[in-house]
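> using only what follows, build the 3D model:
(2 chains)
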Amino acid sequence: DGGITQSPKYLFRKEGQNVTLSCEQNLNHDAMYWYRQDPGQGLRLIYYSQIVNDFQKGDIAEGYSVSREKKESFPLTVTSAQKNPTAFYLCASRAGTGVFGYTFGSGTRLTVV
Amino acid sequence: AQKVTQAQTEISVVEKEDVTLDCVYETRDTTYYLFWYKQPPSGELVFLIRRNSFDEQNEISGRYSWNFQKSTSSFNFTITASQVVDSAVYFCALSEVLGSNYKLTFGKGTLLTVNP
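Numbers count the residues shown, from 1 in each chain, chains lettered A, B, ... in the order given. Next comes the predicted model:
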């Protein structure tokens, strides 16, 4: 079955360490997105990518970095510059045309101690 | 900038009650799409409905119904005869065009608890 895989589901890191969250899709979707969710804050866009080797900052990109070397993969790195990294991170993808067909992964809960 | 407001932070009902979740949006786009997603405790977002700005017909799907009113910029969601399995966070979202890409702007969500 096609879908988005985010791994791991739970991740713990020490403060000051960089950490990379994985997002893989086998839907052949062009666009991919990273959202951050905090309690009572809804989902906020971190980065998005329309095509391979191209990505754009979203609303809260500071302290994060991404790459898009392959169509099916869009990893997110949470750097030590991110002031408050503990959150739930959701990856999504969308087919190339129109606003149809957003698919979300099951998320990674990152806890920094 | 686009904005989605879900004024109800939390709602608690007893099973079999009807419940309406409110969503008000702001946009300058003439063409846009509105969405509702459900997020159960497991965390994934489950797509419920998409509505485009030219289609103001209300929609009913089983126990779910949606009322889209462009005049008041609202897209409300009603669950009839609620069940415990409906307990989740519900998000309203609005599409935004970013060049050749699209972005979803989400409301802050409404936590619905259905008690037995």
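
> C-alpha coordinates for the longest strand along chain B, PDB please?
Of all the segments assigned as strand in chain B under DSSP state E, the longest by residue count is strand B:88-98. Taking Å, rounded to 0.1, in the frame of the first residue of the first chain, the C-alpha atoms of strand B:88-98 are listed here in PDB:
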ATOM      1  CA  ALA B  88     -10.200  13.300  18.700                       C
ATOM      2  CA  VAL B  89      -8.700  16.600  17.700                       C
ATOM      3  CA  TYR B  90     -10.400  18.100  14.700                       C
ATOM      4  CA  PHE B  91      -8.600  20.600  12.400                       C
ATOM      5  CA  CYS B  92     -10.000  22.900   9.900                       C
ATOM      6  CA  ALA B  93      -7.500  24.000   7.200                       C
ATOM      7  CA  LEU B  94      -7.400  26.400   4.200                       C
ATOM      8  CA  SER B  95      -5.300  26.100   1.100                       C
ATOM      9  CA  GLU B  96      -3.000  28.900   0.100                       C
ATOM     10  CA  VAL B  97      -1.200  29.200  -3.200                       C
ATOM     11  CA  LEU B  98       2.600  29.700  -3.000                       C
END
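
> show me where chain B has strands.
Taking DSSP E, the strands of chain B run over residues B:3-5, B:10-14, B:19-21, B:24-26, B:33-39, B:46-52, B:59-61, B:64-69, B:74-79, B:88-98, B:101-106, B:110-115.

> need those strands in TSV (columns: mean pLDDT).
Formatted as TSV, the entries for the strands of chain B read as follows, by pLDDT from 0 to 100:
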stretch	mean pLDDT
strand B:3-5	95
strand B:10-14	97
strand B:19-21	97
strand B:24-26	97
strand B:33-39	93
strand B:46-52	88
strand B:59-61	81
strand B:64-69	92
strand B:74-79	95
strand B:88-98	89
strand B:101-106	83
strand B:110-115	97
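
> okay, those strands in a markdown table with distance to residue A:105 and mean neighbour count next?
To be clear about C-beta, it is placed using only N, CA and C from the backbone, and glycine gets the same treatment. What follows is the strands of chain B, written out as a markdown table (distance: least, CB to CB, whole Å; neighbours: other CB atoms under 10 Å in any protein chain shown):
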| stretch | distance to residue A:105 | mean neighbour count |
| --- | --- | --- |
| strand B:3-5 | 22 | 17 |
| strand B:10-14 | 26 | 13 |
| strand B:19-21 | 24 | 18 |
| strand B:24-26 | 25 | 16 |
| strand B:33-39 | 12 | 21 |
| strand B:46-52 | 12 | 15 |
| strand B:59-61 | 24 | 10 |
| strand B:64-69 | 24 | 17 |
| strand B:74-79 | 23 | 19 |
| strand B:88-98 | 15 | 22 |
| strand B:101-106 | 14 | 21 |
| strand B:110-115 | 21 | 17 |
